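# Fold the stuff below for me.
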Amino acid sequence: MADEAENVNQDSNVDEKYRVYASVSFAVLLLGIGVPLWWHTTAVPRVALPYTRINELSQLDIRITTRITLAALSHARTELLAREIRRAFANAEIYQLNVEHQVISNNLLASAFTYHELEKVASTFDLDVGGLLLLEATNLKDAVLVGSNRTLYFSTETSAAKLVQVLSEWILHDKSLALTKNALAEPTVYSLDEENRRRFPVSPAYDVLITLVNPDPEKLKIVWNLRTMTEEYIQPFLDELSILSNFSVKSQWLYLLPLDVNPRRVPDSSPSRRHFALRESVLPQLVTPLEKKLASQVSLHPCINLVVYTVPCSNAPLHIYTRSGHKSRTDSNVEAFLSPRWGGVVLINPPSETCDDAREDEAVTIVPEETAVVGTFLAQLRLLLGIPETKPIDGVTTVPLVGLKSRDWEIDSLLRFRTVEQLTSAKLTLQSLSRLLKEISNIVITDVVGNRIKTALELVHESAEYLRRGDLERSFVLSKEAFVTAEAAFSDPTLLALLYFPEDQKYAVYIPLFLPAMIPVLLSLKNIRRYYFPEKSSKIEKRTGRRESKNDEDGKPKIE
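So this is what the prediction gives:
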């Protein structure tokens, strides 16, 4: 009997041991391998980002260091002008002027009477992109003559206040630049000025679409090679601005597209003649029907529309009247208006003699004034791209434009605007993306997106540093790369991969699968503990048993 009891105990111990081993294996497989593996496979892949450095972009100070070389005929005058210019821009929000002054010999300027002779003297100075030369000239009739390069010529009687005014309003545009930066950062606080509202937003590429509209091809025959005009005039002008963006020029013809407004017929200066008036307030109504037919939305890049509209004889001559009730132009058959951030429209009136002599059953042949149309288009392109318009200043003139090339100081001004816009936009994009990724934890952050964010962050700091050093061209290139990289990171399609599968849905799907298997395993942990730590388990049971013995069935202490 004793042997049988001993065998029974041994068998029971073996069975208990195997049960414990089975429980341990189940617990190790489920808790040690299954749960971590499930957690790893269902976790959202997120690359670590420099959130702290991105938040510190709010304190990034964008300062433009501009080198100004002042050359005058006397040491006292150079020091006086340099001191006044520094004082005028000492509190500028975005500029830091580095004014260097020197005395120039009168013999170099005594024989310089023409602009080309003055340019030869100015060419001896070394000027970088963004730099300026203020050169005193003895034979100058105007107070200030602004050259085509980066030189301002001023007479011996020109005051420092006049130079400061020209620098502020024509060259540096310090107030408009500060407003541009602040309006981008806080659009609800600051409102854009006219130049900012008219200028196209920053983009790495633009499409320039030139369209010629013939509203009545049966009665109008237009003789014009649109492609030749585009290749000979528009494309060379845009090539001069290739440092800013990539421009793609296209052209097209549209037919049977009448005006969407009825112009009002008014008497002309001659009692026997009349013309048609188009009020300035109804001009936006002309853009809407044109926009539907232009097919300008076939590209991802912003489209600059340049439209030539040929007025039929039934509505000719057609003139645009300003809000004050005056004709915009009186000596030309070409009328034009500008639509901010959209493009420009040129209205071509057929000659009155051609319409009078034409019969009703034959088409009128119109040969547009190419010089007037091209000049209008180029002027509109300058405004739409952001080359600032110079307001008249008493005693200040500019050298006329030669050919299709823009002035160097105008391109420098445009580079400053674009650099500030691109830096500010890249900074705001990174901060917005950082807040978004922090708030929504189930957005996937791939290595590509993470590298783009880190690269854009470094480019922003590098561009701002080069801007502080005065290297405008290098700063612009880096700011452009930062803007493009930040936009690519923000619009990456992988950011939306798991946006609509939050954490609570993940638990709701997997918990019903794991919970039935988890409950037996968790309950078996007590048996495992009791098997491997019998002393601690007995002590715990005695302690709990003693506490239970002191309470009756109702949970109240027993009275001994």
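# what's the domain layout of the chain?
16-43+502-549, 64-177, 204-385 (automatic domain parsing).
# Using CSV, please lay out these together with mean neighbour count and distance to L423.
Glycine gets a C-beta too; all of them are placed from N, C-alpha and C. Converted to CSV, these look like this (neighbours: other Cβ atoms under 10 Å; distance: least, Cβ to Cβ, whole Å):
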stretch, mean neighbour count, distance to L423
domain 16-43+502-549, 12, 35
domain 64-177, 17, 11
domain 204-385, 16, 15
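# Which stretch among these approaches S425 most closely?
Smallest distance to S425 across the domains of the chain (Cβ to Cβ): 11.8 Å, for domain 204-385.
# what about that closest one, start to end distance?
12 Å (Cα to Cα, to the nearest Å).
# roughly how far is that domain from the heart of the chain?
Put simply, domain 204-385 sits 29 Å off its chain's centre (Cα atoms, centre = their mean, to the nearest Å).
# which residues touch the residue nearest in space to the middle of the chain?
The centroid of the chain falls nearest to V202 when counting by Cα atoms, centre = their mean (3.8 Å). Shown in contact with V202 (Cβ atoms under 8 Å, 6 or more residues apart in numbering): R418, E421, Q422, S425, F483.
# Okay, helices next: where are they in the stretch 51-200 of the chain?
Counting by DSSP state H, counting those that start in this stretch, the stretch 51-200 of the chain has helices at residues 51-55, 75-88, 106-110, 115-122, 160-166, 174-185, 194-198.
# How about residues contacting the fifth one?
Contacts to helix 160-166, defined as Cβ under 8 Å, 6+ apart, come from residues 80-81, 84-85, 88-89, 134, 143-144, 146, 152, 154, 393, 395-396.
# tell me the mean pLDDT for stretch 228-246?
Averaged across stretch 228-246, pLDDT comes to 90.
# Compare the domains of the chain and report which one is nearest to E473.
The nearest among those, by Cβ to Cβ, is domain 64-177 at 4.4 Å.
# quick one: G386 from R435, how far?
Distance from G386 to R435, counting by Cβ to Cβ, to the nearest Å: 30 Å.
# hmm, I was thinking of L29
Taken as Cβ to Cβ, the span from L29 to R435 is 42 Å.
# could the domains of the chain go into JSON lines alongside distance to I440?
Shown next, in JSON lines, are the domains of the chain (distance: least, Cβ to Cβ, whole Å):
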{"stretch": "domain 16-43+502-549", "distance to I440": "9"}
{"stretch": "domain 64-177", "distance to I440": "35"}
{"stretch": "domain 204-385", "distance to I440": "26"}
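# how about those, which one is nearest S475?
Of the domains of the chain, the one closest to S475 (Cβ to Cβ) turns out to be domain 64-177, at 8.5 Å.
# circling back: export the helices of the stretch 51-200 of the chain to JSON lines and tack on distance to G375?
Converted to JSON lines, the helices of the stretch 51-200 of the chain look like this (distance: least, Cβ to Cβ, whole Å):
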{"stretch": "helix 51-55", "distance to G375": "47"}
{"stretch": "helix 75-88", "distance to G375": "35"}
{"stretch": "helix 106-110", "distance to G375": "34"}
{"stretch": "helix 115-122", "distance to G375": "22"}
{"stretch": "helix 160-166", "distance to G375": "25"}
{"stretch": "helix 174-185", "distance to G375": "26"}
{"stretch": "helix 194-198", "distance to G375": "19"}
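# before we move on, the earlier item: which of G386 and R435 has more residues huddled nearby?
A direct count of neighbours by other Cβ atoms under 10 Å for G386 and R435 places G386 higher, at 22 against 13.
# Just give me the neighbour total for the closest residue to the more buried one other than its chain neighbours.
Take G386 and drop its neighbours on the chain: the residue closest to it by Cβ to Cβ, 6 or more residues apart in numbering is R199, 4.0 Å away. A count of nearby residues for R199, using other Cβ under 10 Å, gives 22.
# Tell me which two of the contacts of V202 sit farthest apart.
R418 and S425 (10.3 Å).
# hang on, the earlier thing: of the contacts of V202, which is the nearest to L192?
The shortest approach to L192 among the contacts of V202 belongs to E421, at 11.4 Å (Cβ to Cβ).
# pretty sure the closest one belongs to a helix, no?
Yes - remark: E421 belongs to a helix, assigned using DSSP: H, G, I helix; E, B strand; the rest coil.
# hang on, isn't it packed against L179?
No - contact criterion Cβ atoms under 8 Å: E421 and L179 do not qualify, at 11.7 Å.
# how near is the residue nearest to the centre of the chain to E195?
To E195, V202 is 14 Å away according to Cβ to Cβ.
# just T158 next, same as before
T158 is 27 Å from E195, by Cβ to Cβ.
# now do N333
Distance from N333 to E195, by Cβ to Cβ: 30 Å.
# Give the bridge partners for the spatially closest residue to L172 that is not a sequence neighbour, please.
Once flanking residues are discounted, L172 sits nearest to Y95: 6.2 Å by Cβ to Cβ, 6+ apart. Applying DSSP bridges to Y95 gives these bridge partners: I64.
# before we move on, what about Y309?
V213, L347.
# picking up where we left off before, which of the contacts of V202 tops the neighbour count?
Neighbour counts for the contacts of V202 peak at F483, which has 27 neighbours (criterion: other Cβ under 10 Å).
# Correct me if wrong: it contacts K427.
No - assessed by Cβ under 8 Å, F483 is found out of contact with K427, at 9.7 Å.
# quick check: mean pLDDT across stretch 134-149?
90.
# Distance across that stretch, terminal residue to terminal residue?
Start-to-end, stretch 134-149 (Cα to Cα) is 12 Å.
# List the contacts of A178.
By Cβ under 8 Å, 6+ apart, the neighbours of A178 are A92, E93, I94.
# Distance to R46 and pLDDT added to those, as a markdown table?
Output for the contacts of A178, formatted as a markdown table (distance: Cβ to Cβ, whole Å; pLDDT from 0 to 100):
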| residue | distance to R46 | pLDDT |
| --- | --- | --- |
| A92 | 43 | 90 |
| E93 | 38 | 90 |
| I94 | 37 | 92 |
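# Can you list the low-confidence ranges for the protein?
1-15, 42, 267-273, 296-298, 324-326, 328-332, 358-361, 497-506, 535-560 (pLDDT under 70).
# Which residues are in contact with the closest residue in space to K175 that isn't next to it in sequence?
When the adjacent residues along the chain are set aside, K175 lies closest to S168, with 7.3 Å between them (Cβ to Cβ, 6+ apart). S168 sits next to A88, F89, D174, K175 when contact means Cβ under 8 Å, 6+ apart.
# how about 10 Å then?
Residues counted as contacts of S168 (Cβ atoms under 10 Å, 6 or more residues apart in numbering) are A88, F89, A92, Y95, D174, K175, S176.
# got it, and L244?
By Cβ under 10 Å, 6+ apart, the residues touching L244 are 202-204, 206, 238, 385-386, 411, 414-415, 417-418, 476, 480.
# one more time with 8 Å, if that's ok
Counting by Cβ under 8 Å, 6+ apart, L244 touches L385, L414, L415, R418.
# check contacts around D471.
Listed by Cβ under 8 Å, 6+ apart, the contact set of D471 reads D128.
# Please report how far it lies from S463.
10 Å.
# Check E194 too.
To S463, E194 is 27 Å away according to Cβ to Cβ.
# More neighbours: the two, which one.
S463 (26 against 11).
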